[in-house]
Every structure is written in C-alpha cells, then in structure tokens.
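**Student:** 3D, please:
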Amino acid sequence: MTTLRSAESLWKPGAGYYTEEARDLLRQPILPDLTRLRDRRIRDLFRTHGGVESGRSVLEIGCGRSPWLPFLARDAGCQATGLDIEPEAAELARANLSGAGATGRVICADAFDAAENSELHGRFDLVYSFGVMEHFADPAPRLAVLRGYLRPGGRILTFVPNLRGVNWVMQRLAALRILEMHVVYGPASLARVHAEAGFTGVEAGCVGFYDGWLSSAAGAPRDLRRGLHRWLCRTSGRAAQAWARAARGSLAPELDWLAPHVFCAARQG
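**Tutor:** Model (predicted):
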C-alpha cells in the first residue's frame, strides 16, 4: 500500500463503526468474554507483559466503548483512564464504565498531543491500545508521545488487527476502502516501530486463534458481496469457536496467517 486512506470518518456518528448508543451500554455493558479463547489470551498478556495487578495505573488510547477499560478497573483493581479524540466515543466509554459498575476517568482529547495532555505525563504503569496505531503512517513519533505518559520502567501493550492471510482476504471481500485505512503489521514490523520510538525489551507476536468478525463491512453497500461476507464471518466464526472449545485451546495455535491480532509489548526504557 502506497497511500494510507484516512480512517477519521469511521469514528463519526452514523459511520457504522459504533453500533451502540450510550443508553444501550448503561443497560448492557460490553466486557471481555472469558469463555472465548481470544479474550483469555489477551487477559493473560495483560498479566504477563502488561504487569497488570491491583492498584496499577493504566491508560487506554482510543478507548471508545472498550470492553477492557471497565474490566481492568473492576476485575483487576486498576486505576483506569481512557483517552479518545471523538466526543461520541468518549461518551460511549463513560457509559460502558458506568454500566459495568466500574470507576474510571475518560478524557476527550488527542492522545498524540503531548502539550494538550501534559497533566498525564509520567503517571501510568501501563499504556495500551486496541486497533489504533495501524491507522497512522508515522507510528514511531506517535508511540514516543505515548512513552511520555509512562512512569520509569512502565510498559506499553499495543494490539493491532492481523490483516494478513485469511483476514486480508476477508477484509478485501468486505470493503477495500477499509483495508486501505490500515497499515498491515506482522510481529517484526510492529516491534520495529516500537524500538524506533525508544522502547526497550520489545516482544511481539500473534494473539488469538481466529475471529470470524475481525473484518468490517461498515459503510459498504448492502449487496450480494456484503451478504456473502456476513455469511462467511458467521460460519467461519462459529466453526473456529467450536474447534477451540473441543480442543480446549491445545489445538488452537496463534498462527501468522490466521490469528486476529498482532501485539507488541515493551518497556519505557
């Protein structure tokens, strides 16, 4: 990909990315589903690579209606803060926290503007994000800003969608426009941009077995192609869940061409 298409429109009201409203989340909050292999493995990464434990201060970048912010606040006992540039997304994050009975702070601001967020500098044990960094052609200087929010020895956990292999095919079928909004990362390339940003102890890999709903058709016309994509998502997702349950995780490896996410873990330095 030579030109990265802007993804800014996706987060706007009515664009199709956020399908819930604040009142929905107050009634039925979204939390990690720990019966699913992917969410259990992500939880384990928070523990092993994120150093998450009670009393830790954590910051989520692009928190939207994140399931993990209330989980880390309520279930892990962390002091949770979220940052999101889009006002509606920030409101959804607040509603999800409240609906889950969790305590946390959500700030509507540009996470990559160090001056705007000077009060947050050096305050956190962990900074993490899901599906954010792949939308920027200049990730290293942006990651360097995030490094400034960490205490000495603090950690970062970055998750991006693994748009390679099967997932690339599924997203290409769903909407080429959305595929062009993403930098396609593997573990090595995601680790490299963290090292360029000044992080140390960099580790990267894939997480999760398979997620049939990783790809998105948001904004695509409702035609035969979109119907086929929806059917494939539903069928492949159910098959993967059944396989993972039957295998009890032992035969559900995290493969480069199949896993839904790539992660990178590193230290402030």
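**Student:** burial count for residue 262?
**Tutor:** 28 (other CB atoms under 10 Å). Quick note: C-beta positions are derived from backbone N, CA and C, even for glycine.
**Student:** Same question for residue 101.
**Tutor:** Neighbour count of residue 101, defined by other CB under 10 Å: 10.
**Student:** Pretty sure it sits against residue 74.
**Tutor:** Yes: counting by CB atoms under 8 Å, residue 74 is a contact partner of residue 101 at 6.3 Å.
**Student:** Could you list the residues in contact with whichever helix or strand residue 227 is part of?
**Tutor:** Here residue 227, judged by DSSP states H and E, is contained in helix 224-247. Helix 224-247 is touched from outside by 36-37, 170, 173-174, 209-213, 215, 217, 220, 251-252, with contacts defined as CB atoms under 8 Å, 6 or more residues apart in numbering.
**Student:** out of those residues, which are inside helices?
**Tutor:** Among the contacts of helix 224-247, DSSP state H puts 37, 170, 173-174 in helices.
**Student:** of these, the lowest pLDDT goes to which?
**Tutor:** When those are sorted by pLDDT, the bottom entry is residue 37 at 89.
**Student:** nearest spatial neighbour of that residue, skipping sequence neighbours?
**Tutor:** residue 244 (4.5 Å; CB to CB, 6 or more residues apart in numbering).
**Student:** okay, now that neighbour: neighbour count?
**Tutor:** Neighbours of residue 244 (other CB under 10 Å): 20.
**Student:** Just the pLDDT for it.
**Tutor:** 87.
**Student:** can I get the CA coordinates of stretch 99-112 in PDB?
**Tutor:** The C-alpha coordinates for stretch 99-112 follow below in PDB (Å, rounded to 0.1, in the frame of the first residue of the first chain):
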ATOM      1  CA  GLY A  99     -22.900   0.200  33.100                       C
ATOM      2  CA  ALA A 100     -20.300  -2.300  34.300                       C
ATOM      3  CA  GLY A 101     -20.200  -0.700  37.700                       C
ATOM      4  CA  ALA A 102     -16.600   0.300  37.200                       C
ATOM      5  CA  THR A 103     -14.800   3.500  38.300                       C
ATOM      6  CA  GLY A 104     -12.600   5.300  35.800                       C
ATOM      7  CA  ARG A 105     -11.800   8.600  34.100                       C
ATOM      8  CA  VAL A 106     -12.400   9.200  30.400                       C
ATOM      9  CA  ILE A 107     -10.800  12.300  28.700                       C
ATOM     10  CA  CYS A 108     -11.800  13.600  25.300                       C
ATOM     11  CA  ALA A 109      -8.500  14.700  23.800                       C
ATOM     12  CA  ASP A 110      -5.900  13.900  21.100                       C
ATOM     13  CA  ALA A 111      -3.700  11.200  22.700                       C
ATOM     14  CA  PHE A 112      -0.800  12.200  20.500                       C
END
